[in-house]
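Chemist: The sequence isn't on hand, but the structure is:
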């Protein structure tokens, strides 16, 4: 469980962001799940729709965790890279899109294009969970190109963004490339 | 024969362009396929050439245009089955007479053309400007199509044994015939999954007014579909390779999604 100082810090930082922000959240592996849940909770409670790119957990597990955390799942849209990668036979719904594999990055972008029209609020946020997981299955150059493309897409569409990155696992060059595309890096 | 190309000067005129019915695709070509153009759709096995053509034929038939689809590879019932799988009500337009699907034998066709060429050369009449009477062996009598699709030129090319001359003459005169008929024509040609070869003999891409390339290439552990417009004579077009998908309702192109990463051809 994440300690209360970290909780306060993240709440404070996410509470005072300007409009159309993109933030990179750097943390330790042991904190990443709680930090991710907390961030989604804080932002959905502010009324924002959440658009989650999940590369760490299957969408059904993620939804269970959100419900336990009392996150309004009606505000949650998921692009799941996990289920089909594991051979699970799943169908797309209005709020959940599945891509074939962790490295189907083009498909993630296409899914984002499809799903963003479902966002109820004018303002929403994209949450990438996590860069480190995507980096396991994609070469760093391709992933940097993808992150660049996805961040440009959300900026054009006035969607905010949070990218979770694990301190221990991320390649320094990738981190530097991605950090320079973000408005802020929060380390907790 | 000189072909008149109507160049778009700002305002989009639907009477000048033929829409493919493939969401996102017409934007790549500028405004769609300029009417009267001869279009080459090139791509490797499984790249979606046949579906692309069937979708265009279906869309045009649904808009009341007469479409003739000549396949040298699949019979009518298989083509119908492909279309039904995407939920396209093709039977309606076949009944109405706007859509005609024909299975033709490339070997028979090649033999008839070679016989014609031999006949003409024996009579020492064959010279530039001689015309093969292709219309009566290709177009069903009494059917005056707005759109003609031939799938594929590769089958015909293979059927011409070693006679490259006959094949080239055939392609040249075929393109000319469709142009004189004021029909828009689409030909498919199967290539390797290569990014540099667009037809077997090379003459097709040279003669065609527009060349569309469909890709089905490996990117990491997955195969991705993409499309590119190589040329559209007299029109501005997108020059990037963009993502494409075959969905439950047909092909969709994503003009904003340029393909990235280390794409490899198999």
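Modeler: It's in. This one's a predicted model, so the numbers in the text were calculated from it and none came from an experiment.

Chemist: tell me the contacts of the nearest residue to residue B:62 once chain neighbours are set aside?
Modeler: Leaving out its chain neighbours, the residue that sits closest to residue B:62 by C-beta to C-beta, 6 or more residues apart in numbering or on different chains is residue B:93, at 6.4 Å. Heads up, the C-betas are built off the backbone N, CA and C, glycines and all. Counting by C-beta atoms under 8 Å, 6 or more residues apart in numbering or on different chains, residue B:93 makes contact with B:58, B:61-62, B:67, B:99.

Chemist: how much space between residue B:93 and chain A?
Modeler: Per C-beta to the nearest C-beta, to the nearest Å, residue B:93 is found 29 Å from chain A.

Chemist: Can you name the helix or strand that that residue falls in?
Modeler: Element membership for residue B:93 (DSSP states H and E) is helix B:90-96.

Chemist: So what's the gap between that helix and the chain middle?
Modeler: 21 Å (C-alpha atoms, centre = their mean, to the nearest Å).

Chemist: Check stretch B:143-158 too.
Modeler: 7 Å.

Chemist: which parts of that stretch are buried?
Modeler: Neighbour-count burial for stretch B:143-158, with 16 or more other C-beta atoms under 10 Å in any protein chain shown as criterion, is recorded at B:145-158.

Chemist: Same question for stretch B:90-103.
Modeler: Buried-residue list, stretch B:90-103, by 16+ other C-beta under 10 Å: B:90, B:93-94, B:98-102.

Chemist: phi, psi of residue B:246?
Modeler: phi -100, psi 110 (degrees, to the nearest 10).

Chemist: Distance of it relative to residue B:216?
Modeler: Relative to residue B:216, residue B:246 is positioned 10 Å away (C-beta to C-beta, to the nearest Å).

Chemist: So between these two, which is more surrounded?
Modeler: Neighbour tally, residue B:246 and residue B:216, criterion other C-beta atoms under 10 Å in any protein chain shown: the higher count belongs to residue B:216, 20 against 17.

Chemist: Please name the nearest non-neighbouring residue to the more buried one.
Modeler: Nearest one to residue B:216, counting by C-beta to C-beta, 6+ apart, is residue B:47 at 4.3 Å.

Chemist: Does that neighbour touch residue B:215 like I think?
Modeler: Yes - here residue B:47 reaches residue B:215: they are 6.1 Å apart, a contact under C-beta atoms under 8 Å.

Chemist: residues touching residue A:100, list them.
Modeler: Applying C-beta under 8 Å, 6+ apart, the residues near residue A:100 are A:84-85, A:107, B:222.

Chemist: now residue 20, what's its secondary structure?
Modeler: Just so you know, I chose chain A. coil (DSSP: H, G, I helix; E, B strand; the rest coil).

Chemist: that's the wrong chain, I wanted chain B
Modeler: Criterion first, three-state DSSP; result for residue B:20: coil.

Chemist: What residues does it make contact with?
Modeler: B:26, B:32-33, B:52, B:55-56, B:59.

Chemist: If we use 7 Å, what do you get?
Modeler: Residue B:20 sits next to B:26, B:32-33, B:55-56, B:59 when contact means C-beta atoms under 7 Å, 6 or more residues apart in numbering or on different chains.

Chemist: Just give the closest residue to whichever residue of chain A sits closest to chain B, not the sequence neighbours.
Modeler: Residue nearest to chain B within chain A: residue A:103 (3.9 Å; C-beta to the nearest C-beta). Sequence neighbours aside, residue B:220 is the residue nearest to residue A:103 in space, at 3.9 Å (criterion: C-beta to C-beta, 6+ apart).

Chemist: ok, and the closest non-adjacent residue to residue B:212?
Modeler: Distances taken as C-beta to C-beta, 6+ apart put residue B:41 closest to residue B:212, at 4.8 Å, once the chain neighbours are dropped.

Chemist: Format the buried residues of stretch B:90-103 as a markdown table; extra columns: pLDDT and distance to residue B:19.
Modeler: Below are those laid out as a markdown table (pLDDT from 0 to 100; distance: C-beta to C-beta, whole Å):
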| residue | pLDDT | distance to residue B:19 |
| --- | --- | --- |
| B:90 | 95 | 17 |
| B:93 | 97 | 16 |
| B:94 | 96 | 21 |
| B:98 | 96 | 15 |
| B:99 | 97 | 16 |
| B:100 | 97 | 20 |
| B:101 | 97 | 20 |
| B:102 | 95 | 23 |
